[in-house]
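Peer 1: everything below, folded, please.
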Amino acid sequence: MIPVVFWCVLVDLYLFATLFIIAIAISDLLDGFLARYLNAETELGSYLDAVADKAFVISIFTLIGVLDLLPIFLIIVVISRDILIIGYFAIASLTNEEITFKPLFISKFNTFFVFILIIVTFADNLDEVNLQAIKYYLTPIVMLTTLFSLLSYIKLWLYKEEIK
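Peer 2: This is a model prediction of the structure:
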């Protein structure tokens with residue numbers, strides 16, 4: 001659905017872009033919930049979910065950056081975090097390091113706020129709404145949760161210990 005969101009933005013259909021982003025967020029939430037509820041979690045599923053989340057966030061934050069909809073420092077931090085996580089897992093795979101992929105709680109918390117900020121950012125471009133105040137308060141929350149999540153992963157990678 002990422003290309004559809006891009007197309008909607010490029011032709012100035014922010015309402016549809018926002019609705020597609022909401023659908024992406026809800027499907028991500030339902031996918032994880034149903035996998036746990038039905039006891040159908042798989043290692044492949046956890047990798048695919050993580051890759052889909054990272055592809056979505058990197059793509060959408062790149063678009064947000066090009067459109068100058070959020071501060072550039074936030075865009076750089078969010079994209080850098082996801083690229084570093086992907087890079088770590090790529091290097092670990094290439095070196096045959098045994099890795100288990102289980103998202104940290106702070107990472108799930110961060111993903112929630114990132115998705116909310118993305119939705120608010122696109123919805124703020126609709127003529128009928130003004131969400132500047134919400135963006136103003138969400139921006140530091142996303143910045144802090146992103147940095148804390150990255151630091152938690154770095155600690156996990158360096159010390160090979162379980163972080164909850």
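
Peer 1: any idea which element Leu30 lies in?
Peer 2: helix 14-37 (DSSP states H and E).

Peer 1: now that helix: mean pLDDT?
Peer 2: Taken as a whole, helix 14-37 has a mean pLDDT of 89.

Peer 1: beyond that helix, next helix or strand please.
Peer 2: Helix 14-37 is succeeded, C-terminally, by helix 43-66 (DSSP H and E).

Peer 1: could you dump that following helix to CSV, C-alpha only?
Peer 2: Presented in CSV, the C-alpha positions along helix 43-66 are these (Å, rounded to 0.1, in the frame of the first residue of the first chain):
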residue,chain,number,x,y,z
GLU,A,43,9.8,-16.7,13.2
LEU,A,44,9.2,-15.9,9.5
GLY,A,45,6.2,-13.8,10.4
SER,A,46,8.2,-11.8,13.0
TYR,A,47,10.8,-11.1,10.4
LEU,A,48,8.3,-10.1,7.7
ASP,A,49,6.4,-7.9,10.1
ALA,A,50,9.6,-6.1,11.1
VAL,A,51,10.7,-5.6,7.5
ALA,A,52,7.2,-4.3,6.5
ASP,A,53,7.2,-1.9,9.4
LYS,A,54,10.7,-0.6,8.5
ALA,A,55,9.9,-0.3,4.8
PHE,A,56,6.8,1.7,5.7
VAL,A,57,8.4,4.0,8.2
ILE,A,58,11.5,4.7,6.0
SER,A,59,9.4,5.3,2.9
ILE,A,60,6.8,7.5,4.6
PHE,A,61,9.4,9.5,6.6
THR,A,62,11.4,10.0,3.4
LEU,A,63,8.2,11.4,1.8
ILE,A,64,7.5,13.5,4.8
GLY,A,65,11.0,14.9,4.7
VAL,A,66,10.8,15.7,1.0
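
Peer 1: give the buried residues for stretch 150-162.
Peer 2: Using 16 or more other CB atoms under 10 Å as the burial criterion, the residues of stretch 150-162 that qualify are Leu150, Ser152, Tyr153, Trp157. C-betas here are computed from N, CA, C, even on glycine.

Peer 1: show me the shaky parts of this structure.
Peer 2: 99-101, 161-164 (pLDDT under 70).

Peer 1: make it 50
Peer 2: Along the chain, the parts satisfying pLDDT under 50 run over 163-164.
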